[in-house]
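Peer 1: got a predicted model here, sequence first, then my questions.
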Amino acid sequence: MTGILDGKKTARDIRAQLRERVHRCLGAGKRSPFLAVILVGNDPASRLYVGHKEKACREVGIASETYEFPEKTDEEQILKLVRKLNQDDTVDGILVQLPLPAHICRTRVISAIEACKDVDGLTPVNQGMLAMGLPSLRPCTPVGILELLRKYSIRLDGQLAAVIGRSHLVGSPLCRLLSLHNATVINIHRRSPSPESLCRQADIVIAAAGQRHLVTESWVREGAVVVDVGIHRTSDGHLTGDVDFSLVSKKTAWITPVPGGVGPMTIASLLSNCLMAFGERAEKDETQSPLK
Ligand code: GUN
């Protein structure tokens, strides 16, 4: 019998703790943390995700505002807003929902965000800090996955982990985080030779390929832990992942469901990053105060 890594419940517990922290701050006379979200275009999935993020912010007492732009907006307009939000001391976190329309350079926009407000951990500064193993704001999905594994006491030290996918958002930072926790990491991607047999060696499999049901039972060894980052809508409206859950779960020790696995953990990490950005800024503000 496989165990379910319940991201929905774990994230709910984390939100409850974060809500208490926010309330303590408010009780001490501080303002609410503030997250600015930038959404460009009409991608329905992005709209849905941003809606989930806004709701989660409200639940824990983080104020948020979503700045919406039509698909055809030019890059300079987005950059102008990012620079304005960087300068605004009442803004703690800035998140640009991805993907951006093809005519906008994602690297230029993300790089324009101040590293201390980069709650997605995607700026070159924060990705570089993570690469060096230094404290920084770290990407939400990898952090959420590690937190979920920690909550279920799943050991990483000395384990062989296979990460499928190498995006800046998930695969690459996840490999680094796993390595910082002393796992040995195989990063499987489009050009890997024999991905299936590489994956079958792993104690922990994390699928972030963006390909529906890529991972079937022949990819996973008996007793493995499997984490599914994928999210795909089927023709009958259901959600499914990169892992064929019904087949793979017969072999696993632990597995995440879709939905209710990684998704809620990503949002919980975003909230946690917002509080970290808020805290760091509050400290900075105090040390910079002319009254000191
Ligand atoms: N699009 C899909 N996932 C994410 C995420 O975690 N952050 C941002 N900014 N965009 C996304």
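Peer 2: Everything's here; your move. This is a predicted model, so every value here is computed, not measured.
Peer 1: only C-alpha atoms from now on, for both contacts and neighbour counts.
Peer 2: OK.
Peer 1: where does pLDDT dip in the chain?
Peer 2: Scanning the chain for pLDDT under 70 picks out the ranges 281-292.
Peer 1: got the residues of it near the ligand?
Peer 2: 95-99, 120, 140 (CA under 6 Å from any ligand atom).
Peer 1: same thing but 5 Å
Peer 2: Applying CA under 5 Å from any ligand atom, we find that the chain lies next to the ligand at 96-98.
Peer 1: which of these has the largest number of neighbours?
Peer 2: Val96 (24 neighbours; other CA atoms under 10 Å).
Peer 1: enumerate every residue touching the residue nearest to that one when sequence neighbours are not counted.
Peer 2: Distances taken as CA to CA, 6 or more residues apart in numbering put Ile38 closest to Val96, at 4.7 Å, once the chain neighbours are dropped. Counting by CA atoms under 8 Å, 6 or more residues apart in numbering, Ile38 touches 66-69, 94-97.
Peer 1: paired strands for the helix or strand where Ile38 lies, with orientation please.
Peer 2: Assigned by DSSP states H and E, Ile38 belongs to strand 34-40. Take DSSP bridges as the rule and strand 34-40 pairs in its sheet with strand 63-69 (parallel), strand 93-96 (parallel).
Peer 1: so which of those strands is the most surrounded?
Peer 2: Mean neighbour counts were taken over the strands paired with strand 34-40 using mean count of other CA atoms under 10 Å, and the top value, a mean of 26, falls to strand 93-96.
Peer 1: just how off-centre is that one within its chain?
Peer 2: Relative to the chain's own centre, strand 93-96 is displaced by 13 Å; criterion: CA atoms, centre = their mean, to the nearest Å.
Peer 1: likewise for stretch 203-218?
Peer 2: Distance of stretch 203-218 from the chain centroid (CA atoms, centre = their mean) equals 18 Å.
Peer 1: distance between the ends of it?
Peer 2: Across stretch 203-218, the terminal residues are separated by 14 Å (CA to CA, to the nearest Å).
Peer 1: many thanks, have a good one.
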